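**Student:** Need the 3D shape of this:
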Amino acid sequence: MLLLVVLLTMGSMWVVQDGKQLPFRLGLDIQGGMHLVLEAKDTATVKVDDKVMASVIQVIRNRVDQYGVTEPSIQRKGERQVVIDLPGLRNPDEARNYLGKTAQLVFQEPVTTSPMRNASASAYADTPLTGKMLVDASAQPDGAGIGKGWHVSLRFNAEGGKLFGDLTSRFVGQTIAIKLDDKVVSAPRVNEPILQGEAIITGSFTAREAQLLASQLKAGALPVPLVEIENRVVGASLGTDVVRSAVRAGVAGFVLVVLFMLAYYRLPGLVADLALAVYAVLVLAIFKLIPITLTVPGIAGFILSVGMAVDANVLIFERTKEELRAGRSLYSAIEIGFRRAFTAIFDSNSTTLLTCFILYALGTGLVRGFALTLAAGVLCSLFTAITVTRALLHQVLESPSMKSPTLFGVRI
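**Tutor:** Next comes the predicted model:
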């Protein structure tokens with residue numbers, strides 16, 4: 001068991017110190033980013049209700065996931081608004097445009113039989129072929145005969161492939177229009193029927209524009225338009241100051257706990273302090289490996305869990321002292337102390353975990369961060385208090401000079 005503790009501690013220390021491959025994931029309030037509030041608007045055919053808002057949030061979540069923002073917070077506010085926090089965002093204007101676009105893709109057919117190139121949007125009529133029938137969309141560099149930029153390749157499902165095959169068969173030698181959000185972005189000429197269920201959107205796109213358009217189309221179309229209510233870029237300076245203060249407070253609290261345990265329990269207190277150090281390293285490693293986004297409330301939850309982690313040792317040591325006063329041997333008293341204290345430790349930690357679960361399920365982003373870090377700390381404290389402290393105490397008992405009840409300050 002002691003070997004397991006040593007190996008686990010060494011592995012955790014390696015994870016914590018590796019800042020390049022395994023950096024801490026920081027929230028909006030620490031590293032800065034973008035805070036955006038969007039409001040859904042009714043259309044002539046769609047009225048905003050709970051079902052529509054659920055669809056809006058899902059589409060936005062899909063787009064954020066494809067945009068590559070780590071640990072975003074997407075929450076509904078009131079009846080029509082969506083609050084979006086995007087930590088570490090580098091281009092807020094691009095993100096705002098990307099998230100708020102409706103991305104309604106419609107293929108149009110010409111309304112006249114004369115061959116047309118570069119026709120106006122009024123010369124086309126909508127067809128049943130829409131972006132809802134897309135299976136995949138990807139950005140590709142233009143090849144020979146297309147251009148020197150990028151285009152978006154589309155692949156339809158069976159229904160969409162049949163409709164696209166019928167459309168291209170009927171209008172060979174003419175142009176069909178590809179309309180995105182009521183704007184014709186491409187009007188390619190049909191040279192021959194395309195029956196494989198694939199198409200391309202051209203428009204002199206840059207690589208980034210093509211990638212964002214492909215992501216929008218894959219994520220799906222918003223059922224209603226969104227209007228920007230608030231757009232704020234959050235700086236990291238405030239979060240950095242708060243984190244610096246939190247770290248100082250955490251170190252001060254850790255030192256005070258260590259000194260108290262040493263003064264009151266002496267050598268067992270030193271054992272508990274070593275277990276507490278193992279606990280701190282283990283929790284930080286878990287934050288990186290899961291990974292858990294660290295917000296200011298989340299750091300507060302971790303600091304709180306450090307103080308709670310030593311509670312289990314206090315219960316164990318007090319129960320051990322009671323057994324020593326009852327005349328048991330030191331080894332027997334420690335074993336019974338661990339066993340009888342476990343019920344109280346488990347019950348108290350279970351209630352804390354239940355509270356964390358409720359906070360995480362019902363809370364918003366920052367509250368959920370607090371609940372998550374506190375829960376991770378509580379679970380680790382159960383392991384270190386029962387396993388690590390026990391292994392270290394048994395190692396201490398190997399020394400003949402350490403088998404006296406005075407080890408716990410009890411004189412018989």
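**Student:** can you pull out the helices in this structure?
**Tutor:** Using DSSP state H, the helices of the chain run over 2-17, 28-31, 50-67, 92-100, 158-170, 207-219, 237-265, 267-289, 296-325, 330-362, 365-383, 389-397.
**Student:** Tell me the gap between the fourth one and the middle of its chain.
**Tutor:** By that I understand helix 92-100. 20 Å (Cα atoms, centre = their mean, to the nearest Å).
**Student:** what's the answer for the fifth one, then?
**Tutor:** Distance of helix 158-170 from the chain centroid (Cα atoms, centre = their mean) equals 40 Å.
**Student:** How about the last one?
**Tutor:** The gap between the average C-alpha position of helix 389-397 and the chain average comes to 39 Å, counting by Cα atoms, centre = their mean.
**Student:** re earlier: out of the helices of the chain, which gets nearest to L38?
**Tutor:** helix 92-100 (6.1 Å; Cβ to Cβ). For glycine as for every other residue, the C-beta is placed from the backbone atoms N, C-alpha and C.
**Student:** So which bits of that closest one are buried?
**Tutor:** Judged by neighbour count using 16 or more other Cβ atoms under 10 Å, the buried positions of helix 92-100 are P92, A95, R96, Y98, L99, G100.
**Student:** Out of these, which is nearest to L212?
**Tutor:** Proximity of the buried residues of helix 92-100 to L212 (Cβ to Cβ) peaks at Y98, which lies at 5.4 Å.
**Student:** State the distance from the residue nearest to that closest one when sequence neighbours are not counted to F171.
**Tutor:** The shortest distance from Y98 to any residue other than its chain neighbours is 5.4 Å, reached at L212 (Cβ to Cβ, 6 or more residues apart in numbering). From L212 across to F171, the span is 29 Å (Cβ to Cβ, to the nearest Å).
**Student:** before we move on, what about A95?
**Tutor:** Distance from A95 to F171, counting by Cβ to Cβ: 37 Å.
**Student:** And for K288?
**Tutor:** K288 is 56 Å from F171, by Cβ to Cβ.
**Student:** I84 now?
**Tutor:** As defined by Cβ to Cβ, I84 lies at a distance of 41 Å from F171.
**Student:** Pull out the buried positions in stretch 336-355.
**Tutor:** Buried, per 16+ other Cβ under 10 Å, within stretch 336-355: I336, G337, F338, A341, F342, I345, N349, T352, L353.
**Student:** now stretch 315-327
**Tutor:** Of the residues in stretch 315-327, L315, I316, F317, R319, T320, K321, E323, L324 count as buried by neighbour count, 16+ other Cβ under 10 Å.
**Student:** same question, stretch 187-197
**Tutor:** A187, P188, V190, I194, G197.
**Student:** before we move on, what about stretch 210-227?
**Tutor:** For stretch 210-227, burial by neighbour count (16+ other Cβ under 10 Å) applies to 210-226.
**Student:** again with stretch 286-299
**Tutor:** I286, F287, K288, I292, T293, L294, T295, V296, P297, G298, I299.
**Student:** now, which of these sits nearest A158?
**Tutor:** Distances from A158 to those, taken by Cβ to Cβ, are shortest for T293, at 40.5 Å.
**Student:** for the stretch 51-200 of the chain, what spans make up the strands?
**Tutor:** Secondary structure of the stretch 51-200 of the chain (DSSP state E, counting those that start in this stretch): strands at 73-77, 81-87, 105-110, 124-130, 134-141, 150-156, 177-180, 183-186, 198-205.
**Student:** Pairing partners for the fifth one, with directions?
**Tutor:** Looking at strand 134-141 with DSSP bridges, its partner strands are strand 150-156 (antiparallel).
**Student:** average model confidence for the partner strand?
**Tutor:** The pLDDT scores in strand 150-156 average 88.
**Student:** With stretch 28-36 instead?
**Tutor:** On average, stretch 28-36 scores 81.
**Student:** now what about that stretch, what contacts it?
**Tutor:** With Cβ atoms under 8 Å, 6 or more residues apart in numbering as the test, stretch 28-36 has contacts from 69, 73, 83-89, 92, 95-96, 99, 228, 230-236, 238-240, 242-243, 294-296, 365-366.
**Student:** List only buried entries from those residues.
**Tutor:** 69, 73, 83-89, 92, 95-96, 99, 231, 234, 236, 239, 242-243, 294-296, 365-366.
**Student:** Tell me how many other residues surround R328.
**Tutor:** 18 (other Cβ atoms under 10 Å).
**Student:** for the protein, what are the low-confidence residue spans?
**Tutor:** 19, 68, 70-71, 90, 112-122, 144-147, 236-239, 364-365, 399-412 (pLDDT under 70).
**Student:** What are the structural domain limits within it?
**Tutor:** The chain resolves into domains spanning 2-25+236-408, 31-101+226-234, 105-207 when parsed by automatic domain parsing.
**Student:** Now find how far off-centre the first one is within its chain.
**Tutor:** The chain centre lies 25 Å from the centre of domain 2-25+236-408; the measure is Cα atoms, centre = their mean.
**Student:** now swap in the shortest one and tell me
**Tutor:** Centroid displacement of domain 31-101+226-234 relative to its chain, using Cα atoms, centre = their mean, is 16 Å.
**Student:** now stretch 208-220
**Tutor:** Counting by Cα atoms, centre = their mean, stretch 208-220 comes out at 21 Å from the chain centroid.
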